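Chemist: just the structure for this:
(one chain, ligands or ions: 1)
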Amino acid sequence: MAKGTIADSAAWKKLQGHVEDINKTHLRDLLKDEKRCQGMIKEVDGIVFDYSRQRATAETVEGLLSLAQAAKLSEKIEAMWSGQRINETEDRAVLHVALRAPRDAEILCDGKNVVLEVWATLDKIKAFAERLRSGDWIGATGKPLTDVVAIGIGGSFLGPLFVHSALETDPSAQELSKGRSLRFLSNVDPVDASIALKGLSQETTLVVVVSKTFTTAETMLNARTCRTWITSKLGADAVSKHMIAVSTNLKLVKEFGIDPENAFAFWDWVGGRYSVTSAVGVLPLSLHYGFEKVEEFLQGTWSMDQHFRNTPLEKNLPVLLGLLSVWNVTFLGYPARAILPYSQALQKLAPHIQQVSMESNGKGVAIDGTRLPFEAGEIEFGEPGTNGQHSFYQLIHQGRTIPCDFIGSVKSQKPIYMIGEKVSNHDELMSNFFAQADALAYGKTREDLQAENVKESLVPHKVFTGNRPSLSILLPALNAYTVGQLLSLYENRIAVQGFVWGINSFDQWGVELGKSLATKVRSQLNEARTKDAPVQGFNYSTTYLLKHYLKGKTSVANSDPKNVFPSEFQS
Ligand SMILES: O=P(O)(O)OC[C@H]1O[C@](O)(CO)[C@@H](O)[C@@H]1O
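Modeler: So this is what the prediction gives:
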């Protein structure tokens, strides 16, 4: 589009007009049309995707596909895959898909096949993981390193944590990680460090500092904290044995004191929140589970990536998911989405996707800087079912309309059957998965309640309007491969939304302002505590709060500097 935004397109306007038609329908009636439903259930590489409970008809989907065409979606997907610098404000390509490509694939960036570099790093990770896991790599006192603490924040933390929590309950992955532990340290809150290091011994711990930039304040402070924890017990030389790094900034890794030989690279064409399939996730997960298990995860992502790149839009799961999200957010006016895995192992899916989505698409201007005449981005949150049912589902059923993603699996990784119970524990879980989607769609009418002889005064309270959209994703089982498929499905869905809205989903300028203001506060706190300097240069409110905060702290002016650590740090 030469000028203006996607909202100027005829396809956009047509969809706006179509909202009125949809508002005349109820999901209760739409679900009676079996032909419609049949067209809205797709199966790809073992995953069933059912969007028949969306407030949409074949005409809606057709309208959305025209919108995709107006937004040049196919061209944008191809531009991403062909290494064009589609992250224009940072002048970078967006090629996280290359991270999971098989060894013999070719993906070009600036005329270079990046798959070769990807595999050089994967080979290095594999070799290192084998050395560590076999006990060939030993710590400063000669002991094998069985515990890994991965320090990182945002994309350098949430993705690896999500995959780790998903694999933790997979029996084969469990077997591979016997006798080992993997912990994460992200928050700069000293309590997080005390939790991460609790009970660990420096002698058997390897710290992995994960930071794309190697400048992130929280990560670097936690890295220095762990370095002090190690050196105070094992001496300065122990760093080379007990600390390694993942970064695109190998110069700063070296300056920090980590041997560049023990650093694992990735590239500026990998966005932080899209980096879990780079060394950011692959290294710590391989140290814990072995490289082969992590490779299965990469293969799952690649399978869905290939489907995304090569399948016509109308059958393409990430595309359909993305278009329906645009429909819900922008046209039907539902700004939020609930991610509801009926799988405890997917407990960190929502927090991870929350970052991928909200940091990617929470933008106010189009890629050319034009202010958007609509609100892009989506509020994403979620909890595993059935826990969420006893928390926020009340609001979803009778309060606000929040489109839901229900995710379940056919098989459980930990089946429990008990004599005398009607169903297995997993069947009980999945009964809720199936029931909730229909409860939201159909609701319960006044007539239904009257037929049940419900007391008249209670009828209004017990009515469920229904007509609340959801979609269902059914995996064959939860394992490394399907976790990879799911990740790619969501990552690519989020890219599709951004491509259609016409925004840059791959920069994150919105996180900068808070960071720079924190620098000013940090130096004020330092001046106040070490030199008793007065609080100045802030507005009334911040000055008041800072003074109150400082009143409760001990001044260290005129005293000898010393390290202070919680007792958990002393092993
Ligand atoms: O990996 P880094 O450079 O430490 O950055 C951590 C995170 O901070 C952000 O830059 C901003 O939140 C994320 O995009 C990124 O994942």
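Chemist: what's the spacing between Val149 and the ligand?
Modeler: Distance check for Val149 against the ligand: by C-beta to the nearest ligand atom, to the nearest Å, it reads 16 Å. C-betas here are computed from N, CA, C, even on glycine.
Chemist: helix/strand/coil for that residue?
Modeler: Going by DSSP: H, G, I helix; E, B strand; the rest coil, the secondary structure assigned to Val149 is strand.
Chemist: so what are the domain limits for the protein?
Modeler: With domains defined by the TED database, the chain comprises 29-71+311-505, 96-293, 521-556.
Chemist: any chance of TSV for these, columns mean pLDDT?
Modeler: Output for the domains of the chain, formatted as TSV (pLDDT from 0 to 100):
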stretch	mean pLDDT
domain 29-71+311-505	98
domain 96-293	97
domain 521-556	93
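Chemist: output those domains as CSV; include the columns mean neighbour count.
Modeler: Below are these laid out as CSV (neighbours: other C-beta atoms under 10 Å):
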stretch, mean neighbour count
domain 29-71+311-505, 19
domain 96-293, 20
domain 521-556, 13
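Chemist: need the ones you listed in TSV with distance to Glu20, can you?
Modeler: Converted to TSV, the domains of the chain look like this (distance: least, C-beta to C-beta, whole Å):
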stretch	distance to Glu20
domain 29-71+311-505	11
domain 96-293	37
domain 521-556	46
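Chemist: and of those, who's closest to Asn563?
Modeler: For the domains of the chain, proximity to Asn563 was assessed by C-beta to C-beta; domain 96-293 is nearest, at 6.3 Å.
Chemist: first-to-last residue distance for the closest one?
Modeler: Terminal residues of domain 96-293 lie 20 Å apart, using C-alpha to C-alpha, to the nearest Å.
Chemist: now that domain, how far from the centre of its chain.
Modeler: 18 Å (C-alpha atoms, centre = their mean, to the nearest Å).
Chemist: so which of the domains of the chain is nearest Glu78?
Modeler: domain 29-71+311-505 (10.9 Å).
Chemist: can you give me the strands in the stretch 251-400 of the chain?
Modeler: 263-265, 336-341, 379-382 (DSSP state E, counting those that start in this stretch).
Chemist: rebuild these as JSON lines, extending it with distance to Ala480.
Modeler: JSON lines is the format used below for those (distance: least, C-beta to C-beta, whole Å):
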{"stretch": "strand 263-265", "distance to Ala480": "20"}
{"stretch": "strand 336-341", "distance to Ala480": "16"}
{"stretch": "strand 379-382", "distance to Ala480": "22"}
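Chemist: among those strands, which comes closest to the ligand?
Modeler: strand 263-265 (13.1 Å; C-beta to the nearest ligand atom).
Chemist: is the ligand contacted by the closest one?
Modeler: No. On the criterion C-beta under 6 Å from any ligand atom, strand 263-265 is out of touch with the ligand, staying 13.1 Å away.
Chemist: and that strand, what does it pack onto?
Modeler: Of the remaining helices and strands, those touching strand 263-265 by 3 or more C-beta pairs under 8 Å, 6 or more residues apart in numbering; DSSP states H and E are helix 114-134, strand 243-247, helix 250-256, helix 279-289.
Chemist: dump these to JSON lines, plus distance to the ligand.
Modeler: Below are the helices and strands packed on strand 263-265 laid out as JSON lines (distance: least, C-beta to the nearest ligand atom, whole Å):
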{"stretch": "helix 114-134", "distance to the ligand": "16"}
{"stretch": "strand 243-247", "distance to the ligand": "8"}
{"stretch": "helix 250-256", "distance to the ligand": "10"}
{"stretch": "helix 279-289", "distance to the ligand": "7"}
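Chemist: three-state assignment of the nearest residue to Phe406 once chain neighbours are set aside?
Modeler: Among residues not flanking Phe406 along the chain, Ser472 sits closest, at 4.7 Å (C-beta to C-beta, 6 or more residues apart in numbering). Following three-state DSSP, we place Ser472 in the strand state.
Chemist: gap between Ser472 and Cys404?
Modeler: Ser472 sits 9 Å away from Cys404, going by C-beta to C-beta, to the nearest Å.
Chemist: ok, which of the helices and strands packed on strand 263-265 comes nearest Ala528?
Modeler: Nearest to Ala528, of all the helices and strands packed on strand 263-265, is helix 250-256, at 28.1 Å by C-beta to C-beta.
Chemist: what residues are up against Phe154?
Modeler: Residue 154: Gly, not Phe. Residues near Gly154 by C-beta atoms under 8 Å, 6 or more residues apart in numbering: 216, 272-273, 355, 359.
Chemist: for the nearest residue to Ile339 once chain neighbours are set aside, give me its contacts.
Modeler: Excluding the flanking residues, the one nearest Ile339 by C-beta to C-beta, 6+ apart is Gly382, at 3.4 Å. The contact partners of Gly382, taken as C-beta under 8 Å, 6+ apart, are 338-341, 349-350, 353-354, 388, 405.
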